[in-house]
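Q: what would the 3D arrangement of this be:
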Amino acid sequence: MDKFKENSVFIISLLLTLIFIIWGVFFTSNLTKVTNAVYNGSIDYLGWVYLGTTLFFVIFSVYLLFSKYGNIRLGRSTDRPDFSTASWLAMLFGAGMGVGIVYWSVAEPVTHYTAPPYGKAYTIDAANTAMKYTFFHWGLHPWAIYTVIGLALAFFQYNKRLPAAISSAFHPILGDRIYGPIGKTIDILSIFATVFGIATSLGLGAMQVTAGMHDIFGIPNTLFIQLIVILVATVLFIISLNTGLERGIKYLSNAAIIFSVALIVLILIVGPALTVIKVFFNTTGLYLSDFLQMSLRLSPFGKGEKWIASWTLFYWAWWIAWAPFVGMFIARVSRGRTIKEFVVGVLIVPTLGTCLWMSVFGGSALDLVQNPGNRDLAKHIAENINLSIFIFFDHLPFSTLLSILGFAVVAIYYITVADTATFVLGMLSEGGTFNPSNKIKMTWGIIQSALSAVLLIAGGLDVLQTASIAAALPFAIIMLAMCYSLLTGLKKEAVIQRGNKRSTQHY
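A: This is a model prediction of the structure:
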């Protein structure tokens with residue numbers, strides 16, 4: 001009984017995962033019906049909750065950046081960062097966006113160009129709107145979500161010496177009840193959301209990797225090959241797991257950034273560099289000037305609500321569903337940073353980097369499809385999202401080199417996300433330990449891969465994605481409570497630090 005109590009979070013999470021797998025494989029239509037009903041209900045009736053909470057997270061993050069708490073260090077006053085700034089940024093960027101930024105960097109702007117939220121398609125206005133909304137969906141809002149949860153977890157882990165668990169962020173509200181059923185329930189739900197969010201990403205990532213292999217090497221783009229990709233990726237990230245955080249994940253993240261920068265430079269050399277620069281500045285202006293309007297847009301009297309639900313609300317729910325995993329990982333690698341450094345590193349720098357990336361790929365792609373006679377190419381990209389970036393490369397000089405580099409970036413990010421997620425699941429499953437055992441990490445790694453493979457076979461990947469996003473609404477409310485808890489903790493910490501400073505001066 002004591003052993004069960006000690007491992008209850010891991011055991012219950014595992015059982016729930018297995019039950020969901022059985023439901024998804026043998027009763028796919030029923031699961032589809034249930035998850036769609038929950039998801040559609042939350043979007044249709046409570047979409048305003050997503051808009052309001054995510055905008056609040058941006059405001060709250062900016063407030064912390066300029067507040068009196070900015071100089072509070074995550075950890076002891078003598079602690080310094082475990083990783084260089086470059087490696088730290090590379091790791092949090094890989095965990096926060098990873099393969100998604102490659103997957104959508106061409107597809108989203110071109111899709112919005114062919115089917116804009118308002119106005120006429122295939123026009124200059126449509127191109128500007130497409131880039132503006134791409135910046136919006138990948139900019140401050142998602143990184144603010146990660147900032148809030150990552151900072152709350154880091155503060156309570158390093159400053160209050162609490163376990164590395166989601167429940168620790170609620171200590172000012174729950175007190176020692178975080179060690180009881182309420183805290184364990186929060187941690188189990190966090191694991192559950194992480195497992196399904198990552199399994200979905202592994203499945204989607206496998207589809208893009210296979211599409212890349214088909215485009216570059218002519219390998220058949222079949223379900224069997226997708227399953228082989230998942231198997232190979234599993235072996236690779238399990239090998240990386242056994243090398244530890246300071247080697248495997250760090251090296252993978254650094255490599256991903258190096259390849260990404262090489263890809264950007266090459267596209268600027270062979271592509272429309274001047275157009276890309278203009279796109280970056282122009283879209284940044286549009287994004288900032290229309291920021292509030294886009295943040296609260298619901299189109300109650302028009303026909304644009306379906307577009308908002310399909311894109312903006314879907315993204316906000318998706319980022320929140322990913323928040324437990326990404327926030328926990330960012331907290332794990334951020335000891336020794338001040339709150340000001342943390343917010344700049346997690347909110348501002350990645351937003352600028354993401355917008356630059358989208359300008360290079362999205363701006364170049366829109367420049368290409370706007371040429372006379374390329375309307376069919378735009379449709380082709382929008383209808384083949386898995387292949388979109390490789391279709392784009394095929395229309396540039398040095399297309400083979402670009403495709404190989406792009407494939408390398410996708411593959412490395414793919415393994416990095418699986419690696420970091422498995423590390424976090426290990427932390428959550430072993431009572432918040434900073435260095436989970438390889439046995440637990442390998443168990444979760446195999447389960448994640450098996451889940452994505454089984455649901456690819458059963459055709460349930462879309463269902464899984466819908467289910468994980470449907471769970472985001474209650475977690476959005478939980479994150480609001482987390483903001484209150486963090487603010488309470490920071491106020492007490494500021495009082496303690498002022499007292500310590502006075503004692504030192506008096507001495």
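
Q: who does the longest helix along the chain touch, helix- and strand-wise?
A: The longest helix of the chain (DSSP state H) is helix 28-66. Helix 28-66 is packed against helix 8-26, helix 140-158, helix 291-295, helix 314-332, helix 339-343, helix 461-470, helix 472-506, with contacts defined by 3 or more Cβ pairs under 8 Å, 6 or more residues apart in numbering; DSSP states H and E. Any C-beta I mention is one placed from the backbone N, CA and C, and that applies to glycine too.

Q: for stretch 349-361, buried residues please.
A: If you call a residue buried by 16 or more other Cβ atoms under 10 Å, then stretch 349-361 has these buried ones: 349-351, 353-355, 357-361.

Q: repeat for stretch 77-96
A: Using 16+ other Cβ under 10 Å as the test for burial, stretch 77-96 gives 81-83, 87-96.

Q: how about stretch 252-263?
A: Across stretch 252-263, burial judged by 16+ other Cβ under 10 Å covers 252-257, 259-260, 263.

Q: quick one: which of the residues you listed sit in helices?
A: Members of the buried residues of stretch 252-263 lying in helices (criterion: DSSP H): 252-257, 259-260, 263.

Q: pipe these into a markdown table and attach pLDDT and distance to L366 per row.
A: Shown next, in a markdown table, are these (pLDDT from 0 to 100; distance: Cβ to Cβ, whole Å):
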| residue | pLDDT | distance to L366 |
| --- | --- | --- |
| L252 | 78 | 31 |
| S253 | 79 | 29 |
| N254 | 82 | 31 |
| A255 | 83 | 29 |
| A256 | 82 | 25 |
| I257 | 85 | 25 |
| F259 | 87 | 24 |
| S260 | 87 | 20 |
| L263 | 91 | 18 |
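
Q: for the stretch 51-200 of the chain, just list every one of the helices.
A: Under the criterion DSSP state H, counting those that start in this stretch, helices of the stretch 51-200 of the chain are mapped to 85-96, 99-104, 107-114, 124-138, 140-158, 171-174, 181-217.

Q: nearest to V58, out of these?
A: Closest to V58 of the helices of the stretch 51-200 of the chain, according to Cβ to Cβ: helix 140-158, at 4.2 Å.

Q: quick one: what helix or strand has T351 in it?
A: In this assignment (DSSP states H and E), T351 forms part of helix 349-369.

Q: likewise V265?
A: Element membership of V265, judged by DSSP H and E, is helix 250-270.

Q: now that helix - C-alpha only, PDB.
A: Taking Å, rounded to 0.1, in the frame of the first residue of the first chain, the C-alpha atoms of helix 250-270 are listed here in PDB:
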ATOM      1  CA  LYS A 250      21.300  20.400 -24.900                       C
ATOM      2  CA  TYR A 251      23.200  19.100 -27.900                       C
ATOM      3  CA  LEU A 252      20.100  18.300 -29.900                       C
ATOM      4  CA  SER A 253      18.600  21.800 -29.200                       C
ATOM      5  CA  ASN A 254      21.900  23.500 -30.200                       C
ATOM      6  CA  ALA A 255      22.100  21.500 -33.400                       C
ATOM      7  CA  ALA A 256      18.500  22.400 -34.300                       C
ATOM      8  CA  ILE A 257      19.200  26.100 -33.900                       C
ATOM      9  CA  ILE A 258      22.400  25.900 -35.900                       C
ATOM     10  CA  PHE A 259      20.600  24.100 -38.800                       C
ATOM     11  CA  SER A 260      17.700  26.600 -38.500                       C
ATOM     12  CA  VAL A 261      20.000  29.600 -38.800                       C
ATOM     13  CA  ALA A 262      21.800  27.900 -41.800                       C
ATOM     14  CA  LEU A 263      18.400  27.400 -43.500                       C
ATOM     15  CA  ILE A 264      17.400  31.000 -42.900                       C
ATOM     16  CA  VAL A 265      20.700  32.400 -44.300                       C
ATOM     17  CA  LEU A 266      20.500  30.100 -47.400                       C
ATOM     18  CA  ILE A 267      16.900  31.200 -48.100                       C
ATOM     19  CA  LEU A 268      17.900  34.900 -47.700                       C
ATOM     20  CA  ILE A 269      20.700  34.300 -50.200                       C
ATOM     21  CA  VAL A 270      18.700  32.500 -52.900                       C
END
